[in-house]
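**Student:** Give me the fold of what follows.
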Amino acid sequence: LMTVGTGGGTLSFLDLRTDKFLEVNQRNEGEAGGSGVLMTGHGYLKRDEVFLEHFDGVDLRHTVYTHCYDPTYTKLFVGGGPLPVGLCGCYAAVW
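**Tutor:** Modelled structure (predicted):
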């Protein structure tokens, strides 16, 4: 199983034996139920002058910068933040 985080705020699971993405039923955070991805929630995003001038009204998903499983492989930590330069924020979740 390979876990892939993206700049679009998604986390996908690829079964390397079958070369197919796994289906995911998400019940919280960004709610992508039934698709092949988990989606990050909104997290924290500083609403400063840069945000208000360039991104106000835009639905921004936090980029997945890191992720890791716990020792039992039953929980997954995801950490990230905004992708656009000049924005300040953070995102963390345990699934």
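**Student:** Can you name the residues in contact with the helix or strand hosting Val64?
**Tutor:** If you go by DSSP states H and E, Val64 is part of strand 63-69. Strand 63-69 is contacted by residues 3, 5-11, 40, 75-83 when judged by Cβ atoms under 8 Å, 6 or more residues apart in numbering. Glycine gets a C-beta too; all of them are placed from N, C-alpha and C.
**Student:** for the record, mean pLDDT for that strand?
**Tutor:** The predicted model assigns strand 63-69 a mean pLDDT of 94.
**Student:** repeat for stretch 20-32
**Tutor:** On average, stretch 20-32 scores 67.
**Student:** Which parts of this structure are helices?
**Tutor:** Taking DSSP state H to define them, one finds helices in the chain at 49-54.
**Student:** Could you list the low-confidence segments of it?
**Tutor:** Along the chain, segments meeting pLDDT under 70 span 26-35.
**Student:** circling back to that earlier point, ok, and for the strand holding Val64, which residues are buried?
**Tutor:** Neighbour counts using 16 or more other Cβ atoms under 10 Å place 63-64, 67 of strand 63-69 among the buried residues.
**Student:** Now which of the contacts of strand 63-69 would you call buried?
**Tutor:** 3, 5-6, 9-11, 40, 76, 78-83.
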